[in-house]
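In: Here is a sequence with its predicted model. Questions after.
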Amino acid sequence: MCKGSEASSLPAWELTDHGKMWRVALEIASGPPEVELSHDALRLRFSPGAEAVVVPLPAHALPIDPELARCTFSRKAGKLLIEWPRVVEASCEQAAAAEESCETAEASEPSESQEVQEAETSERTLPAETEDAQP
């Protein structure tokens, strides 16, 4: 869980791990802000023409998938909730699978030194076998 209110124009916010989702809860007293999501940033604009404020999300909560993110605003609670899927676990699983497939490929393919040794061995034995085969 991360909490913050870095700039005075940034409302208090909290990042939590909510199952397979990340959830940012922002305390907003005024009406719903304009929300802009990108893969690496969450920006809020509290009035048209105002400068956007960036919520400083930690790197472990990124990237944000704007296509799958959900935003809800509750006037009664004065909260803006933004949720997006966690991709860290999937990335770790993909990295582990890729590493495993590399290890399998390395184990099944002979190394260059093994190929050289096999070639030297076969070169040494071929003439002897050929000499034995001749009467």
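Out: Yep, it's here.
In: where do the strands sit along this structure?
Out: Under the criterion DSSP state E, the chain carries strands at the ranges 2-4, 13-18, 21-27, 34-38, 41-45, 53-55, 70-74, 79-85.
In: How many residues are close by residue 34?
Out: Residues lying near residue 34 (other CB atoms under 10 Å) number 12. Bear in mind the C-beta positions are built from the backbone N, C-alpha and C, glycine included.
In: ok, now how distant is it from residue 50?
Out: Distance of residue 34 to residue 50, given as CB to CB, to the nearest Å: 9 Å.
In: same thing with residue 30?
Out: The gap separating residue 30 from residue 50 is 11 Å, by CB to CB.
In: For my notes, please list the strands of the chain in JSON lines and give distance to residue 61 and mean pLDDT for each entry.
Out: As requested, these are exported to JSON lines (distance: least, CB to CB, whole Å; pLDDT from 0 to 100):
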{"stretch": "strand 2-4", "distance to residue 61": "8", "mean pLDDT": "49"}
{"stretch": "strand 13-18", "distance to residue 61": "6", "mean pLDDT": "94"}
{"stretch": "strand 21-27", "distance to residue 61": "5", "mean pLDDT": "96"}
{"stretch": "strand 34-38", "distance to residue 61": "12", "mean pLDDT": "95"}
{"stretch": "strand 41-45", "distance to residue 61": "9", "mean pLDDT": "95"}
{"stretch": "strand 53-55", "distance to residue 61": "10", "mean pLDDT": "95"}
{"stretch": "strand 70-74", "distance to residue 61": "15", "mean pLDDT": "96"}
{"stretch": "strand 79-85", "distance to residue 61": "8", "mean pLDDT": "97"}
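In: can those strands go into JSON lines with extra columns for distance to residue 62?
Out: Output for the strands of the chain, formatted as JSON lines (distance: least, CB to CB, whole Å):
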{"stretch": "strand 2-4", "distance to residue 62": "12"}
{"stretch": "strand 13-18", "distance to residue 62": "11"}
{"stretch": "strand 21-27", "distance to residue 62": "9"}
{"stretch": "strand 34-38", "distance to residue 62": "10"}
{"stretch": "strand 41-45", "distance to residue 62": "9"}
{"stretch": "strand 53-55", "distance to residue 62": "12"}
{"stretch": "strand 70-74", "distance to residue 62": "17"}
{"stretch": "strand 79-85", "distance to residue 62": "9"}
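In: Alright, that wraps it up for me.
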